[in-house]
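Sequence below, structure please.
(one chain, ligands or ions: 1)
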Amino acid sequence: MKVLVTGGLGFIGSHTVVELYNAGFEAVIIDNLSNSSINVLDGLERILGKKPEFENLDLRDKQSVQSFFAKHNDVVGVIHFAASKAVGESVENPLLYYENNINALVYILQELTKMPQANFIFSSSCTVYGQAEKMPITEDASVQPAMSPYGNTKQIGEEIITDTAKVTNINSILLRYFNPVGAHPSAEIGELPIGVPQNLVPFITQTGIGLREQLSVYGDDYPTPDGTAIRDYIHVVDLAKAHVVALQRLLNKKNLAKVETFNLGTGKGSSVLEVINAFEKVSGKKLPYKIVGRREGDITEAYANTDKANTVLGWKANLTLEESLASAWKWEQKIRS
Ligand code: WQD
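Residues are numbered from 1 along each chain as shown. Alright, predicted model coming up:
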């Protein structure tokens, strides 16, 4: 059975392609390579022993989307990763984000409404919660006004899917990721940040390898045990597996509603300093860092309540923060060798 993976050469998308094949599916990948590299396809071939079908398409082009679905009318589901995802960039260039993250979604959904039964997995984010009142965060925590156009596109995307599923044949699962980190154990695929990494873990591994002078820790005056901000760092392989479980749930018609939402995290919060310590432990490296001011828009704390994912979806994250960091470090060393 063939699954369309949009953004399938990206960080989470490529790891999900691997888990789809491990579960007996085939994937057809759409990616416009705006935030990924064609070399990821070779990495996938080395892991899978075969090269997934790939089309370099821009989903903002309605015609391209229509002709893709006319040609590939045998896909049993769509996992939609393709989107711009840099919070800071979205503030500078909101229209790029609304065009890329919203128009593309609408064009795909329009094609899905023509299929007998359409299964749609949407890449969402814990960013929709903003700074949630209560930890750990459950799926019924209120969605806060978005702190960035990027976060707004995730909220709007969820609303578009919900409104559309009500009156069409589309069944959907919204997956709200916490902080995806790490790399495939083979080190054939991993995170490929373009330019200076915005996210913590790639900045740490690039500092560890000597690409960056030192890590700036954005604030140690948060109301947390060690003063640094807390997040739920989930291994990208665990996260990828959740997408396959979610798709199988829809294919087997096990979903309890036309649209279901699940938080995908480990359920454990880790502070920035704890991540640094864990990295030093797994790498044997002393990480140079300095404490600087808080980053605009950052929240104090976010980690997932995983009960619904564990009991309803039937998925649980197994890999630890140290395993995530060890895999990220192995990947960093591999791509710099
Ligand atoms: C984690 C912690 C920083 C870099 C972002 C997006 C979110 C989602 C995941 C897409 C924070 C601190 C970071 C650095 C630091 N993306 N930090 N020095 O901000 O929780 O979430 O990525 O869906 O939408 O907002 O992740 O890795 O940027 O930061 O101290 O050089 O590390 O302040 O506390 P974040 P992050």
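
unless I'm mixing things up, Lys285 is touching Ala278, no?
No: contact criterion C-beta atoms under 8 Å: Lys285 and Ala278 do not qualify, at 11.8 Å. In this view, the C-beta of every residue, glycine as well, is placed from N, C-alpha and C.

Looking at these two, which is more packed in?
Ala278 (20 against 16; other C-beta atoms under 10 Å).

Could you look up the next helix or strand downstream of the helix or strand containing that one?
Assessed by DSSP states H and E, Ala278 sits inside helix 272-283. Scanning forward in sequence from helix 272-283 by DSSP H and E, the next helix or strand is strand 289-292.

Flag the shaky bits of the stretch 151-300 of the chain, pLDDT-wise.
Applying pLDDT under 70 to the stretch 151-300 of the chain flags no residue at all.

interface residues of it facing the ligand?
Proximity of the stretch 151-300 of the chain to the ligand, by C-beta under 6 Å from any ligand atom, involves residues 179, 198-200, 203, 215-218, 229, 231, 272, 295, 298.

just the residues you listed now: which is nearest Met147?
Distance to Met147, by C-beta to C-beta, is smallest for Asp298 among these, at 9.1 Å.

isn't there a helix covering that closest one?
No: under DSSP: H, G, I helix; E, B strand; the rest coil, Asp298 falls outside any helix and is assigned coil.

which residues sit in contact with it?
Applying C-beta atoms under 8 Å, 6 or more residues apart in numbering to Asp298 gives the contacts 218-219, 229.

What separation do you get for the nearest residue to Asn310 once chain neighbours are set aside and Asn305?
Once flanking residues are discounted, Asn310 sits nearest to Lys316: 5.0 Å by C-beta to C-beta, 6 or more residues apart in numbering. Using C-beta to C-beta, to the nearest Å, Lys316 is found at 13 Å from Asn305.

The residue nearest to Asn310 in helix, strand or coil?
Put simply, Lys316 is coil when judged by three-state DSSP.

burial measure for it, as a count.
Counted by other C-beta under 10 Å, the residues lying close to Lys316 total 15.

and it, what does it touch?
With C-beta under 8 Å, 6+ apart, Lys316 has these contacts: 306, 309-310.

Go ahead and build a ChimeraX selection from the buried members of those.
With 16 or more other C-beta atoms under 10 Å as the criterion, this ChimeraX line picks the buried residues out of the contacts of Lys316:
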select :306,309
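
near the ligand, which of the contacts of Lys316 show up?
Applying C-beta under 6 Å from any ligand atom to the contacts of Lys316, one finds that nothing falls near the ligand.
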